[in-house]
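>>> Build me a structure from this.
(4 chains)
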There are 2 protein chains.
Amino acid sequence: MNEKQRAMYEARARIVKALAHPARLMMVDELAKQPLCVCDIRELVGSDLSTVSKHLSILKNAGIVEDEKRGSQVFYSLRCPCAVNFFSCAEKVLKTTAKDQMRLVSRK
Amino acid sequence: MNEKQRAMYEARARIVKALAHPARLMMVDELAKQPLCVCDIRELVGSDLSTVSKHLSILKNAGIVEDEKRGSQVFYSLRCPCAVNFFSCAEKVLKTTAKDQMRLVSRK
DNA sequence: TGGTGATTTGGTGTATTTGCCAAGCGTTAA
DNA sequence: TTAACGCTTGGCAAATACACCAAATCACCA
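Sure, this is the predicted structure:
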């Protein structure tokens, strides 16, 4: 386990960590469909504007989204569409867990 | 934004959060190759044994890995191989960021 | 039964994350 | 220029995550 490897896992973890919040996952999900301005995103997640802005800056610093000023508004868009892949795997894990629990229950 | 959707994003976030740590990412990476006992994993990541055990229990509670007792040892294995997909996307994000920075530098 | 190795659990101090409020800042409209 | 709008930033309290130590558990063997 050398230094280089450790740095690589830390870099990856920074990205995963940036996604590790329900509001941020929702934002990524919505931005996968189309770019949105902060006020739109704010309506979708329904939190305080400053909270939304901070979530977006976390995603931006991780390199997951990018921003673009248009007049007085700021539009955010997904920089790496593959971020949606996270969902499909998370979904699989959830399904597997659900199945296992179902099995436990029905065996009773 | 209804209750059901919110619950879904929270469930997904729990899984992503379980992966959001360099040591846990490394464990998943190694477990993707083969099941390993706690002591093996401990050597790979090089932390305190109790720390490793707690990381593993986080992954287990999230449904990402499962454990199996063999004598006095406990072997962990990956329950959803797709967890490795997280890496490829994280890698893509990192590469995109690196490219953008490279472009910035060379334009100067 | 007592001891040893393998792992988990409890407890504690510290660091990080989160959400909200208030203040700041750039852009557009009057 | 002043006001309004859209967004970001600073600051703070509460919640959560982390790593380590010590103690407990559990399987196995002498």
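
>>> For A:Gly63, which three-state class applies?
coil (DSSP: H, G, I helix; E, B strand; the rest coil).

>>> Now it: closest residue in space, sequence neighbours ignored.
Excluding the flanking residues, the one nearest A:Gly63 by C-beta to C-beta, 6 or more residues apart in numbering or on different chains is B:Thr97, at 3.9 Å. The C-beta positions use only the backbone N, C-alpha and C, and glycine is treated the same way.

>>> Wait, the one you found touches A:Asn61, no?
No: taking C-beta atoms under 8 Å as the definition, B:Thr97 is not a contact partner of A:Asn61, at 9.9 Å.

>>> Looking at the two, which is more packed in?
B:Thr97 (18 against 12; other C-beta atoms under 10 Å in any protein chain shown).

>>> Which helix in chain A has the most residues?
In chain A, taking DSSP state H as the definition, the longest helix is helix A:85-107.

>>> which helices and strands does that one pack with?
helix A:22-31, helix B:3-19, helix B:85-107 (3 or more C-beta pairs under 8 Å, 6 or more residues apart in numbering or on different chains; DSSP states H and E).

>>> Show me which positions of the longest one end up buried.
Judged by neighbour count using 16 or more other C-beta atoms under 10 Å in any protein chain shown, the buried positions of helix B:85-107 are B:85-87, B:89-94, B:96-97.

>>> residues in contact with the nearest residue to A:Glu91 once chain neighbours are set aside?
Computed as C-beta to C-beta, 6+ apart, the closest residue to A:Glu91 that is not its neighbour in sequence is B:Arg12, at 7.4 Å. Listed by C-beta atoms under 8 Å, 6 or more residues apart in numbering or on different chains, the contact set of B:Arg12 reads A:22, A:25, A:86-87, A:90-91, A:94.

>>> Now that we have those residues, can you turn them into TSV and tack on distance to A:Ser57?
Output for these, formatted as TSV (distance: C-beta to C-beta, whole Å):
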residue	distance to A:Ser57
A:Pro22	17
A:Leu25	16
A:Phe86	19
A:Phe87	22
A:Ala90	23
A:Glu91	27
A:Leu94	29
